[in-house]
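Colleague: I would like the atomic coordinates for the input below:
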Amino acid sequence: MIREDAGECTVRPSSPPTTDRNKILVFRSSNVYQTARALDYLRAKCPAAEITLFSPPQQMEYLSGHSHIDRLRIYDNAKRGAWKGAVGLILELRKERFDEVVVLCPAPFKVSHLSEVILFSLFIPAERRMLIDGRLREADLSLVQQTRAVIDSMIVVLLSVIAKLGTHLLLALLPPPDEGDGALRRSGKPARVAILVPVLPDISHTFVYREVLAMQQHGAGFDVIALEEGDYGVLHPEAKELLKTARFVPKVSFSRYLLYYLSYLLCSPRRMAQLIQSYLPYSQGDKLFFLRFEHFHSFLHPMQSLSLARLLKQRGIGYIHAYGATYPATRAMAAASLLRVPFSVSTFVDFDRTSEFRMIVEKLNKARFVVATTDYCTSRLIAMTTEAFRHKIHTILLGIDPDYGINRMQHPVQAGPVIVSVGRFVEKKGFDYLLKSVALLKQRGLCPKCIIIGDGPERPRLHAMVKALDLGDCVTFTGALPNDEVLEYFGSENILVAPSIYARDGERDGIPTVLMEALLCDMPVVSTWISGIPELIENGLNGILVPPRDEGALAEAIQELLEHPGLRKEYGYRGREKVRAVFNVRHSSLKLWSLIKRNSAGSTSAGHGAPDARR
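Modeller: As a prediction, this is how the structure comes out:
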C-alpha cells in the first residue's frame, strides 16, 4: 500500500504495478463498514485494478490496513482549510487519469449531501463516474446529479456570505442570553416524544433496539429517529424490525444546511444566539463555528443538530430522549435548545471515551434526567462531575428478553468444547489477549477450537496474529453474523469468552450484551473485572472473571472450564437464572418509559404552539 499524506509517501508491499491495470479512485463513505465492503466488492470485480481510497484522517485506524487498498490518500480539511485544501488536491489528482471514480453513498438517490464530493470528483479526469450504495448496487453519476452539484456550489458561496454577515450582526446587536432565555413552557397536555437511536442498522447497538422495541410492546407511543444510517451488510432481526418504523434525519447539502441556519437566524434569533454562545468555549471563541464547511461532515459536530431540529419540529415533537452521551446527546441538547423542549439521555459508559464535545457537565445540567445502564456507569458519571447530579441519574440495568434463544437452531456438534467469542474487532474487546491465551493452551497440548465471530478495523491485525502464533489449526474467523446465526454456536457444551479491556482512548464495554445472550442459552462464560461486568458475572458462582490484559489468567480460566464439564453446566444454569431475574428488558423498558412519560407530561410541543423565545 502507498500512503500519501501532506506530500509524504510511505510504501508498503502490494501487487506489482502493470501498465494495463485499471485505476479506480474511491471517495469513502462516512460509514467505515460500508467502505470496507465496497472495497471488497471492487477488488472482486476488478482483481488487477489499482484502487486508491480518498479518506479523512479519522478513518485511518479503520482502513489503513485494508488489503484491497493500493494507495491511501489522506486529506485533512481542518488543517489546510476546505477550499484551499481542495484546490491543491485537485491539482495533484489531475496529473493522473483514472478509469473509474466511485462515490460511496447510502443509496443512489441519496446524494444531496454529497454535492461537494461530486463537484470535487468532476475536476478529476476519468472514463466513468459512478455511485455505489450501502447494498453494493451501482449507478452511473447522472448529468442531472452533476449539474445539481455545480449549482449547489454557487448557492453555497452566496449563502455563506449572507450567513456570516447575519451572525456577526446578530451577536453584535443582541446581549448575551441570560438564564431566563432557556426557560421551558408547559402546554398542559402530553408531549409527542422522539426516541433518538445513534445509528440504524448496526451490529453493535442491538441492546438499544431491543429496549426501544420492548417499550413499543408496552404500548408506548413515540417517533423513532435514527441519527445516522448504518451498514446493511449484516442485519440483526431487531434492526430489521426497527427499520419498519424508524425515520432517518435527512442528509442535506451544505447549501440546504445554510438555508436552515438562516431560517433559525431570522425566525428565532435569541435561540440561535444562545446556541452559538454556548459553544464558544469549545470553538476557541469562533463565532462562525456553525458555518465552517470543514466540520460539516463530522458526525460529532453540533452542526448536525440543525437538520435534526427541523425534522423534530415538522413532527411536532415536544420531548427528546437520546441513546448515547456522545454525539446523540450533543445533537439532542442543541436541538432542544433551538426548539425549547426538554430532553433526556441514556448512557452506557460511552462518555468515558475521549471525543469532541463530550461536555458531560453541560449535558447533565440541561437534561431532565440521565439513565445509566449499570451501577458502575452511575458511579463514573458522578466521579466525573459532582454529587449534585446524583438525583438526576437513574440506574436501569440493561435487559434482554428472558425467552431469547429458546427456539434457536443448534450448530453441528464438534468434538470437545468450542471457545466462542463475539464482538466488533476493536481494541476494547481484547481479542488479541484471547489469541494469546489460546496460544498458551496450545503450548500445553490442549489446542482447543476457537471460533471468533465479528468484524472491524482490527481484522487485519488479528489475522496476522493467528499466523504469527501458528494458530491456524485452532482459530476460525466467521466474519460478522446476524444474531440468529450467532445463536447456533451457543449452548452448554461450549464456552463464551469476552476478554474486554480498557482501551487507550477510554472506550470500554458496559456489560457486553453477548454475555447475557450466552447465559440465557446455559453457556458458561469467562470475562474480565472491568466496568459493569461484575454486576452480571459473579466470579466462581455463575462464571469466571480474570484481570484485563492477562492472557495467563485467561488461559487458566478457559482450561478450568475445558476440563470440568460439570462446572460448565453449573455456571450456565446459574447464569441463566441471574439474567432472567435481574436483566429483564420487559422490566427495564417499562421503567424507562415511565420516566420519559412522567418528564414529558405537559411539555410544549415544538410544532404545535411552542412559545417564541424572541419575546
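Colleague: So which helix or strand of the chain has the lowest pLDDT on average?
Modeller: Of the helices and strands making up the chain, the lowest-confidence element is strand 8-11, at a mean of 34, by mean pLDDT, DSSP states H and E.
Colleague: Correct me if wrong: residue 139 contacts residue 129.
Modeller: No: taking CB atoms under 8 Å as the definition, residue 139 is not a contact partner of residue 129, at 10.4 Å. Any C-beta I mention is one placed from the backbone N, CA and C, and that applies to glycine too.
Colleague: Quick check on the two: which one has the bigger neighbour count.
Modeller: In terms of neighbours (other CB atoms under 10 Å), residue 129 is the more surrounded of residue 139 and residue 129; the figures are 20 against 15.
Colleague: Please identify which helix or strand holds that one.
Modeller: Using DSSP states H and E, residue 129 sits in strand 126-132.
Colleague: counting contacts, what elements does that strand pack onto?
Modeller: Counting by 3 or more CB pairs under 8 Å, 6 or more residues apart in numbering; DSSP states H and E, the packing neighbours recorded for strand 126-132 are helix 32-45, strand 98-104, strand 138-140.
Colleague: List the strands paired with the second one, with their directions.
Modeller: For strand 98-104, the pairing partners within the sheet under DSSP bridges are strand 23-27 (parallel), strand 126-132 (parallel).
Colleague: Just put the ones you listed in JSON lines and tack on distance to residue 516.
Modeller: Conversion of the strands paired with strand 98-104 to JSON lines gives the following (distance: least, CB to CB, whole Å):
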{"stretch": "strand 23-27", "distance to residue 516": "39"}
{"stretch": "strand 126-132", "distance to residue 516": "36"}
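Colleague: contacting residues for the closest residue to residue 156 other than its chain neighbours?
Modeller: Among residues not flanking residue 156 along the chain, residue 255 sits closest, at 4.8 Å (CB to CB, 6 or more residues apart in numbering). Taking CB atoms under 8 Å, 6 or more residues apart in numbering as the contact definition, residue 255 lies against 115, 152-153, 155-156, 159.
Colleague: ok, 10 Å please
Modeller: With contacts defined as CB atoms under 10 Å, 6 or more residues apart in numbering, residue 255 is in contact with 112, 115-116, 148, 151-160.
Colleague: Tell me the buried residues in the helix or strand harbouring it?
Modeller: Secondary structure here is read from DSSP H and E; on that basis residue 255 sits in helix 254-267. Applying a neighbour-count criterion of 16 or more other CB atoms under 10 Å, the buried positions in helix 254-267 are 254-259, 261-262, 264-265.
Colleague: Centre of the chain to it, how far?
Modeller: Helix 254-267 sits 27 Å away from the centroid of its parent chain (CA atoms, centre = their mean, to the nearest Å).
Colleague: before we move on, back to that, any chance of JSON lines for the strands paired with strand 98-104, columns distance to residue 426 and mean pLDDT?
Modeller: Below are the strands paired with strand 98-104 laid out as JSON lines (distance: least, CB to CB, whole Å; pLDDT from 0 to 100):
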{"stretch": "strand 23-27", "distance to residue 426": "23", "mean pLDDT": "92"}
{"stretch": "strand 126-132", "distance to residue 426": "25", "mean pLDDT": "92"}
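Colleague: what's the burial count for the nearest residue to residue 399 once chain neighbours are set aside?
Modeller: Nearest non-adjacent residue to residue 399, counting by CB to CB, 6+ apart: residue 585, 3.3 Å away. Other residues within reach of residue 585, judged by other CB under 10 Å, total 23.
Colleague: again with the one 4 residues further on
Modeller: Neighbourhood size, residue 589 [other CB under 10 Å]: 22.
Colleague: Now do the phi/psi pair for the residue lying closest to residue 70 once chain neighbours are set aside.
Modeller: What sits nearest to residue 70 in space, not counting adjacent residues and going by CB to CB, 6+ apart, is residue 50, at 4.8 Å. Main-chain dihedrals, residue 50, degrees, to the nearest 10: phi -100, psi 110.
Colleague: Helices of the stretch 451-600 of the chain, start to end?
Modeller: 459-468, 483-486, 513-520, 533-536, 551-563, 565-582, 585-600 (DSSP state H, counting those that start in this stretch).
Colleague: The longest strand seen in the chain: what's the following helix or strand?
Modeller: Taking DSSP state E as the criterion, the chain has its longest strand at strand 192-200. Once the chain leaves strand 192-200, the next helix or strand it forms, by DSSP H and E, is helix 206-217.
Colleague: Summarise which helices and strands that following helix is packed against.
Modeller: For helix 206-217, the contact count by 3 or more CB pairs under 10 Å, 6 or more residues apart in numbering; DSSP states H and E identifies strand 192-200, strand 223-229, helix 237-243, strand 317-323, helix 513-520, helix 585-600 as packing neighbours.
Colleague: where does the stretch 351-500 of the chain have low pLDDT?
Modeller: Residues of the stretch 351-500 of the chain that meet the criterion pLDDT under 70 lie in 409-415.
Colleague: and with 90 instead?
Modeller: Counting by pLDDT under 90, the stretch 351-500 of the chain has low-confidence residues at 351-356, 358, 398, 405-416, 426, 446-448, 455-460, 484, 491-492.
Colleague: before we move on, the earlier item: out of the helices of the stretch 451-600 of the chain, which comes closest to residue 284?
Modeller: Judged by CB to CB, the one of the helices of the stretch 451-600 of the chain that comes nearest to residue 284 is helix 585-600, at 34.9 Å.
Colleague: Work out the gap between the closest one and the centre of the chain.
Modeller: Between the centre of helix 585-600 and the centre of its chain there are 24 Å (CA atoms, centre = their mean).
Colleague: For that helix, the averaged confidence score.
Modeller: When the per-residue pLDDT values of helix 585-600 are averaged, the result is 96.
Colleague: Begin at 273 from now on, thanks
Modeller: Renumbered: residue one is now 273, and that last one reads helix 857-872.
Colleague: what comes up buried for it?
Modeller: Neighbour count says helix 857-872 has 857, 859-862, 864-865, 867-869, 871-872 buried, by 16+ other CB under 10 Å.
Colleague: quick one on the thing from earlier: give the bridge partners for the residue nearest to residue 342, please.
Modeller: Assessed by DSSP bridges, residue 322 has beta-bridge partners residue 295.
Colleague: For burial, what's the neighbour tally of it?
Modeller: Counted with other CB under 10 Å, the neighbours of residue 322 add up to 20.
Colleague: Now tabulate the helices and strands packed on helix 478-489 in CSV and tack on distance to residue 834.
Modeller: As requested, the helices and strands packed on helix 478-489 are arranged in CSV below (distance: least, CB to CB, whole Å):
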stretch, distance to residue 834
strand 464-472, 37
strand 495-501, 41
helix 509-515, 32
strand 589-595, 38
helix 785-792, 16
helix 857-872, 32
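Colleague: so of those, which one's packed in deepest?
Modeller: Of all these, strand 589-595 has the most neighbours on average by mean count of other CB atoms under 10 Å, namely a mean of 29.
Colleague: after that strand comes which helix or strand?
Modeller: Stepping forward along the backbone from strand 589-595, the first helix or strand reached (DSSP H and E) is helix 599-611.
Colleague: So which elements touch that following helix?
Modeller: In terms of contact count using 3+ CB pairs under 10 Å, 6+ apart, helix 599-611 is assigned the packing partners strand 464-472, strand 495-501, helix 541-551, helix 577-586, strand 589-595, strand 615-619, helix 632-638.
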